[in-house]
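[1] starting from these lines, generate the structure:
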Amino acid sequence: MSFDTVSVIGLGYIGLPTAAAFAAARKRVIGIDVTASIVDTINRGEIHIIEPELDTAVRAAVSGGFLRASLRPEAADAFLIAVPTPFKNDHEPDLSYIEAAAKSLAPVLRKGDLVVLESTSPVGATEQLAAWLAAARPDLSFPQAPASRPTSTSPTAPSACCPGM
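    Numbers count the residues shown, from 1 in each chain. You can find the predicted model right below:
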């Protein structure tokens, strides 16, 4: 299976360096963020966070045509979700950003697409992601959702540090 187009949802301290790394590997990357100023900044080849040498990588990726940002998900071969997972009251994890990401990417998912939850998240978050995707896309099946033969894959790879360091 070839992943020529990668969509990174969430362009913060995890998502943007990851998107730049994929673009440096000459993958077509569509970075998704809900903040228009972040999308505009990246599309100018600039960055909105402080990360050593990331500005050079993003500038090269954008000017080379390997990275662009958008407010809405588009079709891709793989989707990497790197959104915040803050705590609510009483240290309960807030999965609303993951849920919003799942619901926004569900319409563009195709059979065989890869979905990776990169966000640092609690036990059960990947299963919950699969359940949200399965509810939004009953025509597809996911490994963690009740189904005998999954048509999409949704592993998890939570990160505790900035990629590319």
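
[2] locate Ala23 within the secondary structure: which element?
    In the assignment (DSSP states H and E), Ala23 maps to helix 15-24.

[3] let me see the residues that make contact with that helix.
    Identification of contacts with helix 15-24 by C-beta atoms under 8 Å, 6 or more residues apart in numbering yields 6, 8-9, 11, 29, 31, 33, 42, 47, 49, 51, 54, 57-58, 60-61, 64, 66-67, 80, 82-83, 118, 162-165. (Glycine included, C-beta is placed from N, CA and C.)

[4] for that helix, list the C-alpha coordinates in PDB.
    Taking Å, rounded to 0.1, in the frame of the first residue of the first chain, the C-alpha atoms of helix 15-24 are listed here in PDB:
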ATOM      1  CA  GLY A  15       1.200  18.200  13.600                       C
ATOM      2  CA  LEU A  16       3.300  20.900  11.900                       C
ATOM      3  CA  PRO A  17       6.700  19.200  12.400                       C
ATOM      4  CA  THR A  18       5.200  15.900  11.400                       C
ATOM      5  CA  ALA A  19       3.700  17.400   8.200                       C
ATOM      6  CA  ALA A  20       7.000  19.000   7.400                       C
ATOM      7  CA  ALA A  21       8.800  15.700   7.800                       C
ATOM      8  CA  PHE A  22       6.400  13.900   5.500                       C
ATOM      9  CA  ALA A  23       6.800  16.700   3.000                       C
ATOM     10  CA  ALA A  24      10.600  16.500   3.200                       C
END
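
[5] and the residue of the chain most remote from its centre, backbone torsions?
    Computed with C-alpha atoms, centre = their mean, the maximum C-alpha offset from the centroid of the chain is found at Asp90, amounting to 27.4 Å. Phi and psi for Asp90, reported as degrees, to the nearest 10, are phi 60, psi 30.
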